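Novice: sharing a model prediction with you, sequence too.
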Amino acid sequence: MKTNYDLIIIGAGPGGYVAAIKAAKAGLDTAVIESRRAGGTCLNRGCIPAKAMIHAAEVYRQSLEGAAFGIHTQGVAFDYGEILSYKQETMETLVQGVEQLLKGNGVTLINGFGQLISPEKGENRVNVSLFANEGENPSETILTAQNVILATGSKPAVLPVPGMDLPQVLDSDGLFALDRAPKSLVIIGGGVIGVEFATVFSALGTRVTILEALPKILDNFDKEISQNLKMILKKRGVDIHTGAMVQSAEAARTEDGEGVRCLYTEKDKEQAAEGEFLLCAAGRTPNLDGLFAEGAAPEMNGRFIAVDEEFRTSIPGVWAIGDATGGIQLAHAASAHGIRVIETITGEEQAQDLSLIPGCVYTDPEIASVGITEGTAKEQGIDVLAGKHIMSANGKSLITREERGFIKVVADASDLRILGAQMMCARATDMIGEFTTAMANGLTVPDLLRGVRAHPTYNEGIAEALEDVTGESLHTMPRRKR
Ligand code: FAD
Ligand code: NAD
């Protein structure tokens, strides 16, 4: 087996595999070590399976609501096993696609466990425990390279409270593995994972309770978005408790049979929520177990690997990207980090603005945000103008009966440069790209209004919100004179 490369990457998630392809294209002889399947959390246990489940649940909900469009269906039902097969097929297609891309670009994909060991003769070194194919013995080998990227990602964090080891307590990996929809589900955490799974399972008829310690769900998002989502989920039967700090869990006989009781405090009172299962969605922790041989670890930043703006660790030639470094734990952020490292290694010009990472939540309606909110601008003393469009006035939204929601734009008051956008509406996660591109290129409100938008589209809502920044929106009633 070849043992010397220009670059070794540990982890083939969206950080590692994108970095590997970019490196190979730039002419670097690259090896990627992956202990599970290529594609990482995102393709195997995260974005893709979650969005497939959300899509299936959405199709089911829409089928039940067909009468609103004059479509009458009888006996609409879902088969959870078939939903899982559809999810699995989708993941498999994408994972195989990544494997083929790596191969096609000449990247060596090694199935094994990587461990950083101390450098020798100016070269960084990785010990690989190679996984055996049938009939072979597992073996160890040492690979060397000038550069090593640690892209080992993250795993669900375990809440440090009693009862988290009960069999009825699941993390997102465990919930994906269930072979049926739970009758009832208590979710710890009203963050992104919590609200996305609440969307799926409430649509499939599961009774869902969310317990969130902070005063609002989706705390990082615009206040109006959090409030609206809470209202919408409540209307769909989700029981939401904010300011609810989970203290422990215990096995219990519930109305759905053997289940779990989750004890929490809300307004200083002790409360309990029961369900067949309890999902712990209280953040993610880096995959660092066994990653560093004794004395070979770089400096840490709390639980995460410490890096500078260019993703250098404290060890020369060793870089770290993605979820393992903390910060924004998103697939596209990990990929952007990977691209930046290769640009730095090869001296290529930096292609992306890493200060602008859009955040998207695939609830119904979708939520998307980039840059700053009007509230943050005020807190930071930035003089801004804001525009807003309510989607109930948007033709496409009325056609599809998705008229709930809004688009907000924040612009610098002095030159109308776009500083942020927040949306809660159909296709928000696709449309946010327009604002990210605009901001990355320093575009202003008039710049974005120069292009004519097709009719009828959700996209017209963006034009209206932009026009509203200067009070010139055409399809809303004039603002009352103050
Ligand atoms: P990972 O994807 O975690 O990949 C790391 C890889 O390294 C893994 O394959 C692991 O097996 C491997 N590895 C670890 N240690 C070793 C070792 N020592 N040797 C060899 N291999 C090793 N993000 C979004 O942007 N959009 C979404 O819609 C979204 N939805 C999500 C839904 C869920 C339920 C979850 C859990 C996450 C979601 N995320 C989403 C987050 C996203 O999945 C992560 O931010 C992203 O996968 C991080 O990429 P990464 O490359 O840093 O790490
Ligand atoms: P999160 O940080 O988004 O939310 C965790 C929530 O749990 C927080 O709101 C926190 O206040 C709450 N919490 C913590 N301890 C608690 C306690 N004792 N009692 C009650 N509530 C408690 O984390 P997550 O939802 O687990 O998601 C993990 C990561 O995965 C996120 O960083 C996110 O970026 C990524 N992700 C992204 C997407 C997406 O982009 N659409 C989807 C899913 C996951």
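Specialist: Yep, that arrived. Being a predicted model, the structure only gives us computed values, none of them experimental. Ligands and ions are numbered 1, 2, ... in the order given.
Novice: so what's the residue count around the one residue in the stretch 51-200 of the chain that gets nearest to ligand 1?
Specialist: Nearest residue of the stretch 51-200 of the chain to ligand 1 (CB to the nearest ligand atom) works out as residue 153 at 1.9 Å. For the C-beta atoms, the positions are set from N, CA and C on the backbone; glycine is no exception. By the measure other CB atoms under 10 Å, the count of residues near residue 153 is 28.
Novice: for it, give its distance to residue 164.
Specialist: The gap separating residue 153 from residue 164 is 21 Å, by CB to CB, to the nearest Å.
Novice: what's the answer for residue 210, then?
Specialist: Going from residue 210 to residue 164 by CB to CB gives 17 Å.
Novice: who has more neighbours, the two?
Specialist: residue 210 (29 against 17).
Novice: what about the helix ranked longest in the chain, distance to the chain center?
Specialist: Looking across the chain with DSSP state H, the single longest helix is helix 80-104. Relative to the chain's own centre, helix 80-104 is displaced by 18 Å; criterion: CA atoms, centre = their mean, to the nearest Å.
Novice: stretch 59-77 too?
Specialist: On the basis of CA atoms, centre = their mean, stretch 59-77 is displaced by 30 Å from the centre of the chain it belongs to.
Novice: picking that back up, so the longest helix of the chain, near ligand 1 or not?
Specialist: No - for helix 80-104, no contact with ligand 1 is found by CB under 6 Å from any ligand atom; the gap never falls below 10.3 Å.
Novice: which residues of the protein fall in helices?
Specialist: 16-25, 40-45, 47-64, 80-104, 172-177, 192-203, 223-235, 331-346, 374-379, 395-399, 428-440, 445-449, 460-469.
Novice: now those helices in JSON lines, with mean pLDDT?
Specialist: Below are these laid out as JSON lines (pLDDT from 0 to 100):
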{"stretch": "helix 16-25", "mean pLDDT": "98"}
{"stretch": "helix 40-45", "mean pLDDT": "98"}
{"stretch": "helix 47-64", "mean pLDDT": "97"}
{"stretch": "helix 80-104", "mean pLDDT": "98"}
{"stretch": "helix 172-177", "mean pLDDT": "98"}
{"stretch": "helix 192-203", "mean pLDDT": "98"}
{"stretch": "helix 223-235", "mean pLDDT": "96"}
{"stretch": "helix 331-346", "mean pLDDT": "98"}
{"stretch": "helix 374-379", "mean pLDDT": "94"}
{"stretch": "helix 395-399", "mean pLDDT": "96"}
{"stretch": "helix 428-440", "mean pLDDT": "98"}
{"stretch": "helix 445-449", "mean pLDDT": "98"}
{"stretch": "helix 460-469", "mean pLDDT": "97"}
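Novice: and of those, who's closest to ligand 2?
Specialist: helix 192-203 (3.4 Å).
Novice: that closest one near ligand 1 anywhere?
Specialist: Yes - using CB under 6 Å from any ligand atom, helix 192-203 reaches ligand 1 at residue 193.
Novice: that helix vs ligand 2: in contact?
Specialist: Yes - with CB under 6 Å from any ligand atom as the criterion, ligand 2 is reached by helix 192-203 at 192, 193, 194, 196.
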